[in-house]
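A.B. asks: what shape does this take:
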Amino acid sequence: MANTAKFDRQKVMDKVTRLFWQKGFHSTSTRDLQQATNLRPGSIYAAFGSKSGLFEEVLDFYAQNRNELLERCMAGEEVRLGGLRAFFHLILLEEDPDAPNELCLLAKAISELDESEEALLKKTRALLAAHGARFRHYIEEATATGELPESTDSILLAQQLQVQLIGLRTFLRATDNRSAVEQMIEQLFNPVVKSVASGKIH
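C.D. replies: Below is the predicted model of the structure:
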């Protein structure tokens with residue numbers, strides 16, 4: 001019978017997510033995990049199986065948090081493009097200023113993991129694809145309600161939005177130019193997004 005965890009799993013996940021987000025998978029040691037969680041290595045591995053198993057759960061935890069933020073933004077806006085704009089604004093300009101890294105944890109993991117870590121790499125790619133599918137869903141709703149042209153390629157536009165989000169985070173990290181990022185978000189979700197959706201921008 002599996003050992004029953006005798007700790008607050010939510011709090012532990014929050015701490016180890018921030019740790020992996022800051023240091024990366026390879027640079028996070030067992031000692032780092034022990035210090036962050038105040039748990040003995042035996043307790044950590046009894047609960048999560050291995051460092052890789054723990055990181056898989058961290059990836060799920062992080063992705064679920066992103067999804068909940070997206071749903072909250074969509075619920076707070078009357079139109080779909082407004083919800084997507086609000087999500088970009090939240091992630092890029094309003095999120096926890098003490099976040100351990102300006103980069104998306106999933107994008108950071110993709111850049112760090114290699115083919116020898118196939119399971120983790122596959123997991124990360126699947127989570128990124130799932131998030132892109134959520135973008136696609138809302139783009140299709142925006143098309144159905146007339147916010148976007150009927151000719152909108154929802155797959156392409158969802159991919160472009162993911163690229164923009166990752167790119168804007170990198171730009172913000174490199175320049176700390178919040179004003180420019182805010183202007184680019186507004187341009188993206190006003191006339192530009194319609195031009196991209198209808199294939200007028202290449």
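
A.B. asks: contacting residues for R80?
C.D. replies: R80 is in contact with M74, Y138, I139, E141, A142, T145, E147, counting by C-beta atoms under 8 Å, 6 or more residues apart in numbering. Heads up, the C-betas are built off the backbone N, CA and C, glycines and all.

A.B. asks: now R178: phi and psi?
C.D. replies: Dihedral pair for R178: phi -70, psi -40, per degrees, to the nearest 10.

A.B. asks: from F61, how far out is it?
C.D. replies: 27 Å (C-beta to C-beta, to the nearest Å).

A.B. asks: can you give me the helices for the protein?
C.D. replies: With DSSP state H, the ranges of helices along the chain come out as 9-23, 30-37, 41-48, 51-75, 80-89, 105-112, 118-144, 154-175, 178-188, 191-197.

A.B. asks: let's have those in TSV, adding mean pLDDT.
C.D. replies: Shown next, in TSV, are the helices of the chain (pLDDT from 0 to 100):
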stretch	mean pLDDT
helix 9-23	90
helix 30-37	89
helix 41-48	80
helix 51-75	94
helix 80-89	94
helix 105-112	92
helix 118-144	95
helix 154-175	92
helix 178-188	93
helix 191-197	47
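
A.B. asks: okay, R178 and F61: which has more neighbours?
C.D. replies: Counted by other C-beta atoms under 10 Å, R178 and F61 do not tie: F61 has more neighbours, with 18 against 11.

A.B. asks: contacts only, for the residue nearest to E77 when sequence neighbours are not counted.
C.D. replies: Leaving aside its chain neighbours, E77 sits nearest to G83 (4.0 Å; criterion: C-beta to C-beta, 6 or more residues apart in numbering). By C-beta under 8 Å, 6+ apart, the residues touching G83 are L70, C73, M74, A75, G76, E77, Y138.

A.B. asks: correct me, but the third one touches Y138?
C.D. replies: Yes: between M74 and Y138 there is a contact at 6.5 Å, judged by C-beta atoms under 8 Å.

A.B. asks: overlap of the contact sets of the two?
C.D. replies: In contact with both M74 and Y138: R80, G83, L84, using C-beta under 8 Å, 6+ apart.

A.B. asks: burial count for D32?
C.D. replies: So D32, with other C-beta under 10 Å, has 15 neighbours.
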